[in-house]
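1. fold the following and give me the result.
(chains A and B)
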Number of protein chains: 2
Amino acid sequence: MAAPQHFSTRYLSAPDVIALVQRKGVEPCLRGIADYIHADFLRWGAFDKSARVASHSRDGVIELMPIADDQTYAFKYVNGHPKNTRWGLPTVMAFGVLADVATGAPLLLSELTLTTALRTAAMSAVAARALARPGSRTMALIGNGAQSEFQALAFHHLLGITTLRLFDTDPAATAKLQANLQGTGLRTVACSSTAEAVRGADIVTTVTADKTNATILTPDLLAPGMHINAVGGDCPGKTELHADVLRQAQVFVEYAPQTRIEGDIQQLPPDFAVTELWEVLAGQHGGRASDTAATVFDSVGFALEDFSALRFLRDAAAELDMGQPIELIPELSDPKNLFGLLRTRSPLLCVVA
Amino acid sequence: MAAPQHFSTRYLSAPDVIALVQRKGVEPCLRGIADYIHADFLRWGAFDKSARVASHSRDGVIELMPIADDQTYAFKYVNGHPKNTRWGLPTVMAFGVLADVATGAPLLLSELTLTTALRTAAMSAVAARALARPGSRTMALIGNGAQSEFQALAFHHLLGITTLRLFDTDPAATAKLQANLQGTGLRTVACSSTAEAVRGADIVTTVTADKTNATILTPDLLAPGMHINAVGGDCPGKTELHADVLRQAQVFVEYAPQTRIEGDIQQLPPDFAVTELWEVLAGQHGGRASDTAATVFDSVGFALEDFSALRFLRDAAAELDMGQPIELIPELSDPKNLFGLLRTRSPLLCVVA
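-> Residues are numbered from 1 along each chain as shown, chains lettered A, B, ... in the order given. Predicted coordinates:
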């Protein structure tokens, strides 16, 4: 075997990824990430999956989400601090790394704050393509915060949604969403309640932010054949659906051991029947039972989706030659002589250049 | 409460940390990291400690090591791939992050490949200061690889070791170590066996690299009052001490739940008596029982030591104004309008500048 070239780590900053998405376009990025997610979910058994490692504190949580197949390792660092907007900071901030399983070398370091919003919406669309009734055109969007534009565009471009029925307890959030969606071709209808918004909707997406056991959706609001994309209930103590909504629907999840802790099904006993989405994508489960059944995608966000998003970013950055090499790992002329690094002349000048 | 300034993440590359150590000097860095470790070990109860998360593959392992107190969160990414030197890569590569517990904001991203060697040696010296006989002057150093210079210098500067008795199965490693230590004031004696090297040694440091259950030290080599600093036995299936050496000595560890899996004591039953080092440092345990007792520090490397090393780097980089700010997290004018990032003009030009 020939020795590989010395590697360097490619770094994609937040401005790099913003520029990358602007150059490729939001739709191709959503579509690309969805394709990578779909492809990786079809290889479900190939992944070494583990629960995320959470460090809880008074005002929030910091998590590490690792996953690997036999070639590529990825992890995401992500926080959740609901009070952060008071300081002008996002409630969720993230970055992640792709590494080579064979050597442990980190190959890509990227921002994932913006990317997490894109991959969450792409994941929702992948699930809805498999679970919603074909021909779905109207979506209710409950919660019009930081994630809502991404959900709206993913369902517009990947599902064919043309009309959005909007509700948020804060009318300013709805106005911001409507302003951001101008020129996209989506028709938006601002509603004054969840009940009004879900009327006539084929799909209902809930992306509310309150860390509480809320009941955004109650059983009386369910309509035959509805698909519910429940995104906001994603950690212990944070749910959006009345338990009876779950009991009356077919429930699909990303990774059951994690969703039973973090998802809306945390309200139900550990033996409540759910189906992992990969089974539907791989044709091992039939998915929606009938045109009149209600389906729920109880989404919490799983490490595999970040793995897919990082792969997409790596390939897109290589295609567009974006980002920059960084020397996160020292380059050693003799790997057995680490101390020799300190005997060289100071490399400071070439670092700053 | 006033809103804090928007943060940026300080980035310390491998060349930055090499330059930092060269500017401060190896001795002040070892002494500084040892002081930070000592101070953090005295606050043992303040830390949210968890086992490292390991992803094992055919040729190695990739690990995440998180830890936090109520103000600061840290994690290290580190691999272990024994065959890496074939490709010209270090067997161990690492980087890490310090973050603000109150907001989740990542404040420092740093190389930790070189730093891990410094902190491991500093940790060994902190333990030996508490456990070795006062007046120890001669150390046997078994295994003369990438870690050995750091161990040698830490014990020289922090313990007063003046003579090193060296042995490695590869004489070239010993020659490299002797060459690297020229001009440091340490007297080195190359020996032809472990038995010869430990003769007359007050302290024995083992830093061998083979991933195997080795018996570098056997009970017949123990002398009254010896302190054994066992660094190389640090993962399942990788040990250096004959089990009877452990049975005949007082054994001290970093964090017992981790050491019972990874340390030399993995050979012994789970109820084998050990003492966590912080108890000795805090005066809750008397440490060495007598001048004739044998003591063992069964070191495996614990996340708290990386936390301490990252704190040291943060403070030293601030003092010397080293490293550079990176925009790992996007700066949002309205944190509730993440999508707004994509509506701004491309910031690509200012990124490259």
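
2. and stretch A:51-69, which residues are buried?
-> By 16 or more other Cβ atoms under 10 Å in any protein chain shown, the buried positions in stretch A:51-69 come out as A:52-55, A:57, A:60-69. No exception for glycine: its C-beta is placed from N, CA and C like everyone else's.

3. for the stretch 51-200 of chain A, what spans make up the helices?
-> For the stretch 51-200 of chain A, the helices defined by DSSP state H, counting those that start in this stretch occupy A:113-131, A:148-159, A:171-181, A:194-198.

4. can I get these in JSON lines including mean neighbour count, distance to residue A:234 and mean pLDDT?
-> What follows is the helices of the stretch 51-200 of chain A, written out as JSON lines (neighbours: other Cβ atoms under 10 Å in any protein chain shown; distance: least, Cβ to Cβ, whole Å; pLDDT from 0 to 100):
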{"stretch": "helix A:113-131", "mean neighbour count": "25", "distance to residue A:234": "9", "mean pLDDT": "98"}
{"stretch": "helix A:148-159", "mean neighbour count": "25", "distance to residue A:234": "14", "mean pLDDT": "98"}
{"stretch": "helix A:171-181", "mean neighbour count": "18", "distance to residue A:234": "19", "mean pLDDT": "97"}
{"stretch": "helix A:194-198", "mean neighbour count": "20", "distance to residue A:234": "19", "mean pLDDT": "98"}
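
5. dump those to JSON lines, plus distance to residue B:89.
-> Below are those laid out as JSON lines (distance: least, Cβ to Cβ, whole Å):
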{"stretch": "helix A:113-131", "distance to residue B:89": "28"}
{"stretch": "helix A:148-159", "distance to residue B:89": "38"}
{"stretch": "helix A:171-181", "distance to residue B:89": "46"}
{"stretch": "helix A:194-198", "distance to residue B:89": "55"}
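
6. I'd like to know which of those is closest to residue A:329.
-> helix A:113-131 (23.0 Å; Cβ to Cβ).

7. please state the offset of that closest one from the chain centre?
-> Centroid displacement of helix A:113-131 relative to its chain, using Cα atoms, centre = their mean, to the nearest Å, is 6 Å.

8. circling back: and the helices of the stretch 51-200 of chain A: which comes nearest residue B:166?
-> So among those, helix A:113-131 is nearest, using Cβ to Cβ, at 50.1 Å.

9. hmm, that closest one touching chain B?
-> Yes - using Cβ under 8 Å from any Cβ of the partner chain, helix A:113-131 reaches chain B at A:113-114, A:117.

10. just the angle between that helix and helix A:148-159, please?
-> With axes from the mean of the first three to the mean of the last three Cα atoms, to 10 degrees as the basis, helix A:113-131 and helix A:148-159 are set at 40 degrees to each other.

11. got the contact list for the spatially most central residue of chain A?
-> Computing the C-alpha centroid of chain A and ranking residues by Cα atoms, centre = their mean puts residue A:120 first, at 2.5 Å. Residue A:120 makes contact with A:147, A:150-151, A:231, A:299, A:301, A:305 under the criterion Cβ atoms under 8 Å, 6 or more residues apart in numbering or on different chains.

12. switch those residues over to JSON lines; also include distance to chain B.
-> As requested, the contacts of residue A:120 are exported to JSON lines (distance: Cβ to the nearest Cβ, whole Å):
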{"residue": "A:147", "distance to chain B": "8"}
{"residue": "A:150", "distance to chain B": "7"}
{"residue": "A:151", "distance to chain B": "10"}
{"residue": "A:231", "distance to chain B": "14"}
{"residue": "A:299", "distance to chain B": "18"}
{"residue": "A:301", "distance to chain B": "15"}
{"residue": "A:305", "distance to chain B": "17"}
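
13. of those, just say which sits nearest to residue A:25.
-> Nearest member of the contacts of residue A:120 to residue A:25, counting by Cβ to Cβ, is residue A:150, at 13.7 Å.

14. check contacts around the closest one.
-> A:30, A:117-118, A:120-121, B:338-339.

15. spatially nearest residue to it (excluding sequence neighbours)?
-> Ranked by Cβ to Cβ, 6 or more residues apart in numbering or on different chains and with sequence neighbours excluded, the top spatial neighbour of residue A:150 is residue A:121, at 3.8 Å.

16. for residue A:294, same thing?
-> residue A:249 (3.9 Å).
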